[in-house]
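**Q** pasted the sequence and its predicted model underneath.
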Amino acid sequence: MDDEKLLQNCITRILAWYPGVRRALPWRESPTPYRVWISEIMLQQTRIEAVIPYYARFLAELPDVAALAAVEEDRLLKLWEGLGYYSRARNLKKAALRVMDAYGGELPRTAAELKTLPGIGDYTAGAIASIAWGEPEPAVDGNVLRVLSRLLALDADVMQGKTRSAMTDLLRGAYPAGDAALLTEGLMELGETICIPNGAPECSACPLAPLCRAHAAGEEERYPVKAAPKPRRIEARTVLLLRCGERWAIRRREEKGLLAGLWEFPNVEGTLTEARAREAAEAMGGEVLSCATCGEAKHIFTHVEWHMTGYRIALSREIEGLVWRTAAEIRGAYSIPTALKAYQKLID
């Protein structure tokens with residue numbers, strides 16, 4: 001059976017299977033273009049279980065494009081705090097402003113137009129167009145690539161753009177015009193619950209098992225094929241929890257680069273001794289009363305690891321150029337990245 005015929009047969013099976021197993025996820029209830037968009041951006045690099053409370057809080061405060069376009073950036077980042085990859089939140093606001101200006105506050109209907117908006121690529125455009133508008137446009141992410149690579153016993157590296165493009169084109173040619181939303185969600189469900197990553201797929205419950213080439217060969221875990229990732233770079237940093245009276249020092253990171261524009265506790269490169277940490281605080285303009293270690297922490301980003309050492313440092317006066325707030329104010333209004341949460345827990 002050729003790939004096109006195999007895919008058509010599988011689509012028929014998915015459309016029959018999915019309505020009976022469909023999970024009641026909040027973004028599936030009343031899937032407006034806005035709700036689909038917000039959920040898909042949040043779900044990038046984030047587990048469904050973690051997204052659900054963030055999604056509810058976000059929609060309660062920013063229920064539509066107009067509210068998202070109008071929100072202050074610091075408030076937006078606070079709503080996003082804990083989800084990581086903060087450029088996603090900034091792109092949401094940029095896109096909302098564009099939608100208000102160019103489309104009267106309503107997201108465009110076609111995938112091609114959606115992809116002109118900041119932060120919306122092929123996958124997200126396909127998800128919005130198919131789920132919200134019913135357009136026969138595929139949404140191919142890691143879950144869908146895994147399903148297709150096992151189904152077709154695909155030996156091409158799924159991390160390469162040309163592989164994703166080829167699978168998207170193959171799927172687009174088979175997409176059913178009347179059931180686009182069902183197929184998009186069905187493929188997602190299959191990849192999230194049955195044809196899973198990092199473990200043996202649940203082939204006994206899979207509607208595609210009788211047609212799956214990898215399953216027929218007993219080689220499900222051979223797929224998808226991926227090139228070995230490059231090792232992450234390790235960076236040592238020393239975090240300075242500077243306190244004067246009841247207030248702690250924070251500062252905003254630069255607008256470009258890792259964690260761009262977020263608030264942080266002052267930190268410097270390298271692993272400093274207590275004496276060197278004192279010197280670092282003094283170099284910022286502080287007069288040190290006391291300095292004590294407050295432990296080590298590690299945070300893993302996509303391409304880099306931070307290995308951190310922290311010090312609590314009491315100062316006799318506030319240092320100019322830093323922002324000084326109480327612990328309650330910092331927790332309530334400022335978005336501190338997850339990388340530094342271990343140290344935020346230590347301020348009081």
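**A** That came through, no problem.

**Q** can you give me the strands in the stretch 101-250 of the chain?
**A** Taking DSSP state E, counting those that start in this stretch, the strands of the stretch 101-250 of the chain run over residues 233-244, 247-252.

**Q** so for T163, which of the ones you listed sits nearest?
**A** Closest to T163 of the strands of the stretch 101-250 of the chain is strand 233-244 (CB to CB; 26.3 Å). From N, CA and C alone the C-beta is placed, and that goes for glycine too.

**Q** so for that closest one, what gets flagged as buried?
**A** R237, T238, V239, L240, L241, L242, R243, C244 (16 or more other CB atoms under 10 Å).

**Q** in stretch 269-285, which residues are buried?
**A** Applying 16+ other CB under 10 Å to stretch 269-285 flags L272, A277, R278, A280, A281, M284 as buried.

**Q** these two touch, right, the third one and C291?
**A** Yes. If you go by CB atoms under 8 Å, R278 and C291 touch, sitting 5.0 Å apart.

**Q** return every residue with contacts to both of these two.
**A** I313 (CB atoms under 8 Å, 6 or more residues apart in numbering).

**Q** mind saving the C-alpha coords of the longest helix anywhere in the chain as CSV?
**A** Scanning the chain for the longest helix, with DSSP state H as the assignment, gives helix 3-21. The C-alpha atoms that make up helix 3-21 are tabulated as CSV, following Å, rounded to 0.1, in the frame of the first residue of the first chain:
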residue,chain,number,x,y,z
ASP,A,3,1.8,6.2,1.5
GLU,A,4,-1.2,8.2,0.2
LYS,A,5,-3.6,5.2,0.4
LEU,A,6,-2.3,4.2,3.8
LEU,A,7,-2.8,7.8,5.1
GLN,A,8,-6.4,7.9,3.8
ASN,A,9,-7.2,4.6,5.5
CYS,A,10,-5.7,5.9,8.8
ILE,A,11,-7.6,9.2,8.6
THR,A,12,-10.9,7.2,8.4
ARG,A,13,-9.9,5.3,11.5
ILE,A,14,-8.9,8.4,13.4
LEU,A,15,-12.2,10.1,12.6
ALA,A,16,-14.1,7.1,13.9
TRP,A,17,-12.0,6.7,17.0
TYR,A,18,-11.4,10.2,18.3
PRO,A,19,-15.0,11.2,19.3
GLY,A,20,-15.2,8.3,21.7
VAL,A,21,-11.9,9.1,23.5
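
**Q** got the buried residues for it?
**A** Quick answer for helix 3-21 (16+ other CB under 10 Å): L6, L7, C10, I11, R13, I14, L15, W17, Y18.

**Q** just read off the phi/psi values of P108.
**A** phi -60, psi 160 (degrees, to the nearest 10).

**Q** which one is it nearest to, not counting chain neighbours?
**A** Nearest residue to P108, sequence neighbours excluded (CB to CB, 6 or more residues apart in numbering): L114, at 5.6 Å.

**Q** ok, that neighbour - contacts?
**A** L107, P108, I120, T124, A125, I128, A129.

**Q** and those residues, which of them are buried?
**A** L107, P108, I120, T124, A125, I128, A129.

**Q** widest-spaced pair of the residues you listed?
**A** Using CB to CB, the buried ones among the contacts of L114 span at most 12.7 Å, a distance reached by P108 and T124.

**Q** if we can go back for a sec, just send the buried residues of strand 233-244 back as a markdown table, with pLDDT too.
**A** Formatted as a markdown table, those follow (pLDDT from 0 to 100):
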| residue | pLDDT |
| --- | --- |
| R237 | 98 |
| T238 | 98 |
| V239 | 98 |
| L240 | 98 |
| L241 | 98 |
| L242 | 98 |
| R243 | 98 |
| C244 | 98 |
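
**Q** wait, which of the residues you listed is closest to S335?
**A** V239 (16.6 Å).

**Q** which pLDDT value does the model give the nearest residue to E135 once chain neighbours are set aside?
**A** Spatial nearest neighbour of E135, chain neighbours left out: A129 (4.1 Å); criterion: CB to CB, 6+ apart. You'll see A129 listed with a pLDDT of 96.

**Q** one more: Q45?
**A** For Q45, pLDDT reads 83.

**Q** where does the stretch 201-348 of the chain dip in pLDDT?
**A** Along the stretch 201-348 of the chain, segments meeting pLDDT under 70 are nowhere present.

**Q** all the helices of it, residue numbers only.
**A** Ranges of helices in the stretch 201-348 of the chain, per DSSP state H, counting those that start in this stretch, are 213-216, 274-283, 327-333, 341-344.

**Q** for these, give me TSV that also has distance to A297.
**A** Formatted as TSV, the helices of the stretch 201-348 of the chain follow (distance: least, CB to CB, whole Å):
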stretch	distance to A297
helix 213-216	41
helix 274-283	15
helix 327-333	17
helix 341-344	4
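
**Q** nearest to L59, out of the ones you listed?
**A** Closest among these, using CB to CB: helix 327-333, at 20.7 Å.

**Q** how far does that closest one sit from its chain's centre?
**A** 24 Å (CA atoms, centre = their mean, to the nearest Å).

**Q** what's the answer for stretch 251-267, then?
**A** 18 Å.

**Q** ok now do the residue lying closest to G82 once chain neighbours are set aside, which residues does it touch?
**A** Nearest residue to G82 in three dimensions, chain neighbours excluded: T338, at 6.1 Å (CB to CB, 6+ apart). Applying CB under 8 Å, 6+ apart to T338 gives the contacts G82, G84, H299.
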